[in-house]
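1. whatever this is, show me its structure:
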Amino acid sequence: MCLGIPGEVLEIDGDEALAEFWDVEKWIRIDIVGADLSVGDYVLNHAGFAIRKIPEEEVAETISYYEELLGADAGEALDVESLDGIGDEKTEGRPE
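-> Numbering: from 1, shown residues only. Predicted coordinates:
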């Protein structure tokens with residue numbers, strides 16, 4: 001089983017996007033999701049690839065599930081240490 005991590009798209013450059021995952025920014029590949037992606041959209045990231053665009057009406061619920069899963073209370077910051085290594089894979093052509 002794999003687990004995708006939800007993140008917000010901050011910038012798009014060709015087949016890659018800069019996305020934010022609880023205050024951690026990572027470049028990810030967006031080939032699988034396709035051209036329907038815009039800045040401000042949310043995606044599920046797995047191993048440096050956006051595997052699914054999260055529909056706008058599902059974003060808040062999805063984020064809530066992940067925060068609950070990772071043990072964060074509503075007023076408590078998510079432990080980004082638990083996300084360490086997610087999306088660290090090197091991708092060819094990543095903007096410098």
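2. longest strand anywhere in this protein?
-> strand 5-13 (DSSP state E).
3. after that strand, next one along is what?
-> strand 16-21 (DSSP states H and E).
4. packing partners for that following strand?
-> strand 5-13, strand 24-29, strand 42-46 (3 or more C-beta pairs under 8 Å, 6 or more residues apart in numbering; DSSP states H and E). (C-beta placed from N, C-alpha, C; glycine too.)
5. can you give me the buried ones in it?
-> 16, 17, 18, 19, 21 (16 or more other C-beta atoms under 10 Å).
6. check the offset of it from the chain's centre.
-> Distance of strand 16-21 from the chain centroid (C-alpha atoms, centre = their mean, to the nearest Å) equals 6 Å.
7. still on that earlier bit, so which of the helices and strands packed on strand 16-21 is the most packed in?
-> Neighbour counts (mean count of other C-beta atoms under 10 Å) averaged over each of the helices and strands packed on strand 16-21 peak at strand 42-46, with a mean of 22.
8. counting contacts, what elements does that strand pack onto?
-> Against strand 42-46 (3+ C-beta pairs under 8 Å, 6+ apart) you get strand 5-13, strand 16-21, strand 24-29, strand 49-54.
9. looking at those, spot the one closest to residue 35.
-> strand 5-13 (9.8 Å; C-beta to C-beta).
10. can you list the strands that that closest one pairs with?
-> strand 16-21 (antiparallel), strand 42-46 (antiparallel) (DSSP bridges).
11. I'd like those laid out as CSV, including mean pLDDT and distance to residue 33.
-> Listed next are these as CSV, based on pLDDT from 0 to 100; distance: least, C-beta to C-beta, whole Å:
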stretch, mean pLDDT, distance to residue 33
strand 16-21, 95, 9
strand 42-46, 94, 6
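12. any idea which of those gets closest to residue 7?
-> Using C-beta to C-beta, the nearest of these to residue 7 is strand 16-21, at 3.9 Å.
13. so that closest one versus strand 49-54, what angle?
-> 70 degrees (axes from the mean of the first three to the mean of the last three C-alpha atoms, to 10 degrees).
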